[in-house]
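In: Sequence and predicted structure, then a few things I'm wondering about:
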Amino acid sequence: AQSVAQPEDQVNVAEGNPLTVKCTYSVSGNPYLFWYVQYPNRGLQFLLKYITGDNLVKGSYGFEAEFNKSQTSFHLKKPSALVSDSALYFCAVRDSGNTPLVFGKGTRLSVIA
Amino acid sequence: DTAVSQTPKYLVTQMGNDKSIKCEQNLGHDTMYWYKQDSKKFLKIMFSYNNKELIINETVPNRFSPKSPDKAHLNLHINSLELGDSAVYFCASSQGGGSSEQFFGPGTRLTVL
């Protein structure tokens, strides 16, 4: 069965500094990996995904993520954080077929001005 | 132009009542989902439909019954509501499964008193 771990409940970063939100995964086959963001009282919004190909994936709002097969990681990054990036971030994984998308427990990002 | 909409946004009801939540998507997607997000923000899939056919049914009490009258709609009916059903319920849709990203509705906050 697939699983996702987001080891940090909270990440604090100063505005303008680079940010990293960590994610590791476990699947039996090749993974499909996703990052979503949730703002207060809103639904989840898709940021980016890794299916195959280049290990560095670029997504919305300047976010990117690096797929590392040997470390089974898919960390979310942004070179320069904005206060408006403050939100709850979810990593998710599924394998091929109709298996459910499994979400991590979420990491709350707080960007301080 | 709302992509995935849910009604109602808030639902407050007494234990033992029966209630329904409606979901509609105008993206032309063929797959729809129901998720439950608990008070700790943990997100878990409940059901998935593809072209009106049930394809994922996680370990959800049979008091929960999804119904998909057509590809654009997936409703959730809950019988005999319990305190533990209090949560935010999200509808989502995608074009196929696997590598496709999901688009989420704004959520329905259910409070059972």
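Out: Thanks, I have it.
In: all contacts plus neighbour counts: C-alpha atoms, from now on.
Out: Will do.
In: Enumerate the residues of chain B near chain A.
Out: B:41-45, B:55-56, B:90, B:97-99, B:101-107 (C-alpha under 8 Å from any C-alpha of the partner chain).
In: give me that answer again for 10 Å
Out: Residues of chain B found near chain A (C-alpha under 10 Å from any C-alpha of the partner chain) are B:4, B:33, B:40-48, B:50, B:55-58, B:88-92, B:96-109.
In: Could you pick out the buried ones from those?
Out: B:4, B:33, B:41, B:43-48, B:50, B:55-56, B:88-92, B:96-99, B:101-109 (16 or more other C-alpha atoms under 10 Å in any protein chain shown).
In: Now go through these and say which are in helices.
Out: Among these, no residue falls in helices (DSSP state H).
In: Low-confidence ranges, chain A, go.
Out: Chain A contains residues with pLDDT under 70 at A:97-98.
In: so what's the nearest residue to residue B:19 once chain neighbours are set aside up against?
Out: Among residues not flanking residue B:19 along the chain, residue B:78 sits closest, at 5.4 Å (C-alpha to C-alpha, 6 or more residues apart in numbering or on different chains). Contact analysis of residue B:78 by C-alpha atoms under 10 Å, 6 or more residues apart in numbering or on different chains lists B:16-21, B:61-66, B:85.
In: Which pair in those has the greatest spatial separation?
Out: Pairwise distances across the contacts of residue B:78 peak at 18.4 Å for B:16 and B:66 (criterion: C-alpha to C-alpha).
In: who's more crowded, these two?
Out: residue B:66 (23 against 14; other C-alpha atoms under 10 Å in any protein chain shown).
In: so that one, which of the three states?
Out: strand (DSSP: H, G, I helix; E, B strand; the rest coil).
In: ok, back up a step: give me the pLDDT value at the residue nearest to residue B:19.
Out: For residue B:78, the pLDDT comes out at 96.
In: and the gap between it and residue B:10?
Out: Distance of residue B:78 to residue B:10, given as C-alpha to C-alpha, to the nearest Å: 15 Å.
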